[in-house]
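[1] here you go, sequence then predicted model.
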Amino acid sequence: MKKTVLASVIAGIAFSGQAFAVELYNSGGSTFSVGGHISMGVGNDADDDLEVQSISPRININATQELGRGWNADVKGEWSVNTLDGGGNSFSTRLGYIGVTHEVWGRAVGGTQWTPYYDIGGIADMPIAFANDFLYVNGYELGTGRGESMVSYRKTFMFGDNLGLNLGAAWQGDNGAYGDRGQLGLSFDLGGIFVGYAFTTGSVGGQNDDAMGNILSAKYGSYGDGLFVAAVYEMGSDFRNATGGPAYDSTSIELIAAFALANSLNFSLNYESHEDDDSSLTVISQMALQVEYNFTPAFVGYAGYQLDLGDDISSDDDLYALGVRYYL
């Protein structure tokens, strides 16, 4: 049967990144595992100085429990790991939730989690070094990437063996910057083709205006397995704050094409733009050529060069990165 968004989410309970988490316990319908990844490499910063880099290192714990009658519970805690500054804060929360899943009735989750909006918008957020940036601007508060203080529901409806309709809905409590927020995501899986749409809205803290986002996406194939192409288009109203000032209406685009050879050598080219429509400013305009290679399923090398195509906010700075990532 075709793996749907819901099936992918459930499978993600026991997986970490691209590799199996280390299972420490499995008995009587209960499991416990530890996962995550650490990246280490070199690249240049905004001032074009060479530096040692670690790209989004993390560690997580995962547990599942069979509840009977087709119900399963799971819990996940994931923390960012400070690998470069020994005197800084060691951990900060990325994910922390409890979920309950039934193959017929769907899946409910409460806590800090990947959101239904990200199910749609995150399909191009794949390469290690350079990927989707605009989703993470105000990401926690808006719930466009991970969402804090969120409850969500997902359900997949199958029509035959290959066509799946995925439904996702979520509510996020007042976080100060933004009031109560809600979002809805719908997508179709047909063979290797995915098409999705998501909508999020909610009040801006202390104002009558709503911060609304609409996102469309489509993809073909699986990243790291032959040909993969994906496109994401977002329109926001009083939505982003990527320039340090008040929120503005925006338009964002992310495109990626990748091809993985049989030996796992994976080449990708991605493009991203983000426009402040209120002020007619280009905030992000960049393109990256990247390559990744799996020395083993758990040990991956990466190299990338991101070309700044010019924007109205910062000086034009190309970036490069070279390193390895180890998956637990």
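    Done, it's in. Numbers count the residues shown, from 1 in each chain.
[2] check what contacts stretch 231-243 and list those residues.
    For stretch 231-243, contacts defined as C-beta atoms under 8 Å, 6 or more residues apart in numbering pick out 120-121, 123-124, 132, 134, 137-138, 142, 204, 209-219, 247-256, 274, 276, 281, 283-284, 313. C-betas here are computed from N, CA, C, even on glycine.
[3] which ones among the residues you listed are found in strands?
    Judged by DSSP state E, these include 204, 212-219, 248-256, 274, 276, 281, 283-284 as members of strands.
[4] just the buried residues of these.
    By the neighbour-count criterion of 16 or more other C-beta atoms under 10 Å, the ones in strands among the contacts of stretch 231-243 include these buried positions: 204, 212-215, 217-219, 248-250, 252-256, 274, 276, 281, 283-284.
[5] residues contacting D318?
    Counting by C-beta under 8 Å, 6+ apart, D318 makes contact with 305-308.
[6] so where's the stretch 101-250 of the chain shaky on pLDDT?
    Along the stretch 101-250 of the chain, the parts satisfying pLDDT under 70 run over 206.
[7] try 80
    205-209, 244 (pLDDT under 80).
[8] where exactly do the strands run in it?
    Secondary structure of the stretch 101-250 of the chain (DSSP state E, counting those that start in this stretch): strands at 106-114, 146-159, 163-172, 178-190, 193-204, 212-222, 225-240, 248-260.
[9] which one, of the ones you listed, ends up nearest to S80?
    Nearest to S80 among the strands of the stretch 101-250 of the chain is strand 146-159; the distance by C-beta to C-beta comes to 11.3 Å.
[10] how about the residue nearest the centre of the chain, nearest residue that isn't a chain neighbour?
    Among the residues of the chain, the one closest to the centroid is G122, at 4.8 Å (C-alpha atoms, centre = their mean). Spatial nearest neighbour of G122, excluding adjacent residues (C-beta to C-beta, 6 or more residues apart in numbering): L135 at 6.5 Å.
[11] wait, what's in contact with the one you found?
    Each residue near L135 by C-beta under 8 Å, 6+ apart is listed here: 118, 121-122, 125, 144-145.
[12] same thing with N175?
    With C-beta under 8 Å, 6+ apart as the criterion, the residues that contact N175 are 140-141, 148-149, 205.
[13] relative to Y293, which of these is nearest.
    Y140 (32.5 Å).
[14] do you know how far the closest one is from T296?
    Y140 sits at a distance of 33 Å from T296 (criterion: C-beta to C-beta, to the nearest Å).
[15] these two: who's more crowded?
    Higher neighbour count among Y140 and T296: Y140, with 20 against 10, using other C-beta atoms under 10 Å.
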